[in-house]
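Undergrad: coordinates only, sequence not included:
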């Protein structure tokens, strides 16, 4: 390669965080971002199977779907939706802070995101506990009064599978953010290299978007009256 | 070729020769293309064998006309095969209007057949030659598949729903029937035979039964035993709709949909009454899941089919 | 020509010790770690096959019990599909060659690559454990309600093994996609890429899009079986056929994961041993993408007799015919490549000839299955078994063998013994046909799949098949022996024993850890044999 590299390019080539397989920081950053987008596509397909099952059974059993949905706490679900959207905002601000070189702000916004995520999970625990109390957990102990009990059990199976998988992703995201927050605290990020923060942001936004779909599909069936 | 080694099963149904003709065409096509490709490959490999390791091949990169040719021609051939296969499939999938109806229940690991006249068979099915037979199939447990190689037909037996297979046997004799969907330990033991009989022999077989009640009569008994008649009165004065002339008719549901009252509808309405609630009726009917088995359901269905008022009797 | 010497320093001897292998980030070492894993699973899956064929030599179930037999064919399928065929070429040859073919020092995410191998091994251990503690007997297709309610074998453990290994497949695909997009050497435009790369790119798209669906399917299966939640349970109003849709939505594209990389190998070998560019390069490249896309649209052709409407069946039948066309285009292009080539009869090319012939037969028999009226008769019979073994064994594994032979000198710096390799190719070809051709016949006669005992009239064909299997087994053992022999005693290969084009052949054999000391610059197409006199070095 020629010697007439610009200062920026040569800085990109000798950055402390440059991995050996990449030529420039720009290449590394772009690859990381593309990798995360591809991973998110796999997540869409992963949840997609559950959405397909949901779709089939909702078309088959609309009355049971309405009955089951009414068993869910729309207030708690709504609060969780606001909380999660708020956490996406704080996450975006964290990415911006990293991008513009403000490590302390990055850490703070990340912690705020984690806090809001924690609130979401706590509310979820309350919701699940309530379901256990009412014997609404599908399986041998399931009890439900109503004409469509069996199909309501399928609805609740999908409810637990979809929100459970979502919650698992949130827990993983929580862990991810704590690692990123630590790295930000240790001043590992700069405008030249903040890909891990951006990638975590993408992941977190994805988890948020899944919830945006789950909330109306699970909580808001036939609630218009 | 090999004396006595058959290459295809006996053609014992009206559709068998149609299926076999398509098969033979495809065998010929496969032979042609395989020999063509293999032949060209070997021919080129021999004719253009390199004389030394420094020799290079001709600078040919491709030919769009050739690419179009060998895309469009195979596609055209595929479409012919598709259309041919679809045509045969229409015949296989659509039983004629007038059929002898038989019910089959697969369970691990046997096939239970019920004739309308009341005969029950296990792993054996007697049918007359030359008349269309429709078998309505379900399963009591896992998915099975009722397969008659000599007739070239099969259908999955799925728990919770009905499927059908039909055939018109053309040659008297005994032929295999197999379970063709893996179902556990004795999957390969879930076999039997279908016995195709001349009309006279079939009649005498039918009447030689142990004085069995017809399926509809058995169904009527079930109808009484389960107290269905207390709500489903003939004159529609009860809490449930009248079942007279119900089978095959159009039913208006409470949610506005209109469905046909076929076997699947009758089965579902017994096991899950509120799934398709009839318009103008209260959701009072209890479920009979667990109180009636698949064979009982088939009896009920045949009984309900027999409920024709005088002016509608065929 | 002077006899080449092994280079003094290369990726194999740069560091010794088990830690240097288990903690490596070098894509080439990771490829060899995969090679060991998939070979172990191939032997295990093959052992199950031997037992199956031994039992089927007689109509009665006199060798093993029915339950044992059911476990044997299930585990043969699970091991061969998920732990051998799907990883094989991408994880071994793909990992080794993708960075080298594009002039890169490694994949985009080397640590992720190592994690992928650990995930693969973890999934494999779960499945091996399930085998050891009693096996699983649902068939590799795990159909409900048998798998959720009736089977009393280790379904969840096996499902978990498949679930975990699926992530290995996803991450490998992810790695390849980013690598191919972002790390090509200067001048290496898309249409100068070797067709091996196109094939792996298309495969990676399928891995990334399809595998998550089997993951969620297996998860639901495990949840239903463990907690009895009833998503697939008809007694609750659930739909057992929903499982089949979800399962095949992945498992059909999965077969293209298994064959596309092999097709990539075929393109490379045909070009090299004809000394000629692949005829219709861009058509072959695009056909890989077409197969990947269309492959997602045909899944329900496995379910024609499960009760779908005639119109739905017609749609899937039509699309199944459409997906065959790109594969046919490839076969024609490879054959045309040989025309006026300078054909060099070496073992890799012999395996490729086997591929082309057997894949043609396998592919054409797919048309039998796509034809609705015919599929009703042959569905779930040995006809289907023969069809997919022609594609998977006659096709994919032949391609894998061709690739192993072709790139062995690059990977290890030594040649395998050519005479023995030609012999092995012949034995495999003969054994294969004797094993699987009779299965077409016995399937059309009506012998269903997964049968432990069968009517006597099917015995002659079954004996032929079992006899062929023993020959086929020997055919696979021979290369195992001489490949290992060659590591020590094989002739030193030098950088480019085949005189092939391709960036991987410009490096020493075995390569340095970083592959290239100077990033290459590319200014010509992938197979410019005719532009130069290529000397064998």
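TA: It's in. Since this is a predicted model, take the numbers as computed values, not measurements.
Undergrad: only C-alpha atoms for contact and neighbour calcs from this point on.
TA: Will do.
Undergrad: what about the spatially closest residue to residue C:258 that is not a sequence neighbour, neighbour count?
TA: In space, not counting the residues next to it along the chain, residue C:258 is nearest to residue C:86; the distance is 5.2 Å by CA to CA, 6 or more residues apart in numbering or on different chains. Residue C:86: 24 surrounding residues under other CA atoms under 10 Å in any protein chain shown.
Undergrad: do the same with residue B:283
TA: Around residue B:283 there are 16 residues (other CA under 10 Å).
Undergrad: Spatially nearest residue to it (excluding sequence neighbours)?
TA: That would be residue B:274: by CA to CA, 6+ apart, it lies 6.1 Å from residue B:283.
Undergrad: Please list all residues in contact with that neighbour.
TA: Residue B:274 is in contact with A:147-148, B:283, B:285, counting by CA atoms under 8 Å, 6 or more residues apart in numbering or on different chains.
Undergrad: What about those, which are in helices?
TA: Among the contacts of residue B:274, DSSP state H puts none in helices.
Undergrad: Make TSV from those residues and add distance to residue C:72 and pLDDT to it.
TA: Shown next, in TSV, are the contacts of residue B:274 (distance: CA to CA, whole Å; pLDDT from 0 to 100):
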residue	distance to residue C:72	pLDDT
A:147	45	80
A:148	42	84
B:283	50	84
B:285	48	88
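Undergrad: Specify which member of these is nearest to chain C.
TA: Distance to chain C, by CA to the nearest CA, is smallest for residue A:148 among the contacts of residue B:274, at 9.9 Å.
Undergrad: Chain B versus the closest one, what's the distance?
TA: 7 Å (CA to the nearest CA, to the nearest Å).
Undergrad: Neighbours of residue C:478, how many?
TA: Neighbour count of residue C:478, defined by other CA under 10 Å: 17.
Undergrad: So which residues on chain B come close to chain A?
TA: B:274-275, B:283 (CA under 8 Å from any CA of the partner chain).
Undergrad: wait, is residue C:3 part of a strand?
TA: No: secondary structure assignment (DSSP: H, G, I helix; E, B strand; the rest coil) places residue C:3 in coil, not in a strand.
Undergrad: Run through the residues that contact the closest residue in space to it that isn't next to it in sequence.
TA: Once flanking residues are discounted, residue C:3 sits nearest to residue C:492: 7.7 Å by CA to CA, 6+ apart. Taking CA under 8 Å, 6+ apart, we find residue C:492 in contact with C:3-6, C:409, C:413-415.
Undergrad: One more: residue B:92?
TA: Contact analysis of residue B:92 by CA under 8 Å, 6+ apart lists B:15, B:153, B:165-167, C:373.
Undergrad: Report the contact partners of the residue in chain A that chain B sits nearest to.
TA: Proximity to chain B, evaluated over chain A using CA to the nearest CA, is greatest for residue A:147 at 6.8 Å. By CA under 8 Å, 6+ apart, the contact list for residue A:147 reads B:274, B:283.
Undergrad: Tell me the confidence at the one residue in the stretch 151-300 of chain B that gets nearest to chain A?
TA: Chain A sits closest to residue B:274 of the stretch 151-300 of chain B, with a gap of 6.8 Å, by CA to the nearest CA. The model reports residue B:274 with a pLDDT of 81.
Undergrad: can you give me phi and psi for it?
TA: Dihedral pair for residue B:274: phi -80, psi 0, per degrees, to the nearest 10.
Undergrad: what packs against the helix or strand harbouring residue C:361?
TA: Counting by DSSP states H and E, the element that carries residue C:361 is helix C:347-370. If you count contacts as 3 or more CA pairs under 8 Å, 6 or more residues apart in numbering or on different chains; DSSP states H and E, helix C:347-370 packs onto helix B:16-47, helix C:240-274, helix C:310-338, helix C:372-378, helix C:382-389, helix C:398-412, helix C:418-444.
Undergrad: What's the mean pLDDT across it?
TA: The predicted model gives helix C:347-370 an average pLDDT of 97.
Undergrad: What's the separation between the spatially closest residue to residue B:64 that is not a sequence neighbour and residue C:200?
TA: Leaving aside its chain neighbours, residue B:64 sits nearest to residue C:280 (7.9 Å; criterion: CA to CA, 6+ apart). Between residue C:280 and residue C:200 the distance, using CA to CA, to the nearest Å, works out to 18 Å.
Undergrad: who has more neighbours, these two?
TA: The residue with more neighbours, out of residue C:280 and residue C:200, is residue C:200; 27 against 22, by other CA under 10 Å.
Undergrad: so the more buried one touches residue C:94, yeah?
TA: Yes: using CA atoms under 8 Å, residue C:200 is in contact with residue C:94, at 7.1 Å.
Undergrad: Torsion angles phi and psi at the closest residue in space to residue B:188 that isn't next to it in sequence?
TA: What sits nearest to residue B:188 in space, not counting adjacent residues and going by CA to CA, 6+ apart, is residue C:451, at 4.8 Å. Residue C:451 adopts backbone torsions of phi -100, psi 120, taken as degrees, to the nearest 10.
Undergrad: now swap in residue B:121 and tell me
TA: The phi/psi pair for residue B:121 (degrees, to the nearest 10) is phi -130, psi 150.
Undergrad: how far away is the residue nearest to residue C:297 when sequence neighbours are not counted from residue B:168?
TA: Counting by CA to CA, 6+ apart, the nearest residue to residue C:297 once its immediate chain neighbours are dropped is residue C:319, at 6.8 Å. The spacing between residue C:319 and residue B:168, counted by CA to CA, is 31 Å.
Undergrad: out of those two, which sits in the busier spot?
TA: Taking neighbours as other CA under 10 Å, residue C:319 and residue B:168 compare with residue B:168 leading, 24 against 19.
Undergrad: mind checking how far that one is from residue C:289?
TA: 45 Å.
Undergrad: Tabulate the contacts of residue C:492 in TSV, adding columns for neighbour count.
TA: What follows is the contacts of residue C:492, written out as TSV (neighbours: other CA atoms under 10 Å in any protein chain shown):
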residue	neighbour count
C:3	10
C:4	14
C:5	14
C:6	18
C:409	25
C:413	28
C:414	25
C:415	22
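Undergrad: Quick one, which of the contacts of residue B:92 are buried?
TA: By neighbour count, with 16 or more other CA atoms under 10 Å in any protein chain shown, the contacts of residue B:92 hold B:15, B:153, B:165-167, C:373 as buried.
Undergrad: Any chance of a markdown table for the residues you listed, columns pLDDT?
TA: Output for the buried ones among the contacts of residue B:92, formatted as a markdown table (pLDDT from 0 to 100):
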| residue | pLDDT |
| --- | --- |
| B:15 | 96 |
| B:153 | 97 |
| B:165 | 97 |
| B:166 | 97 |
| B:167 | 97 |
| C:373 | 96 |
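Undergrad: Could you export those as a markdown table, including distance to residue A:61?
TA: Output for those, formatted as a markdown table (distance: CA to CA, whole Å):
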| residue | distance to residue A:61 |
| --- | --- |
| B:15 | 38 |
| B:153 | 33 |
| B:165 | 28 |
| B:166 | 31 |
| B:167 | 35 |
| C:373 | 33 |
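Undergrad: Show me which of the residues you listed is closest to residue B:75.
TA: residue C:373 (18.9 Å; CA to CA).
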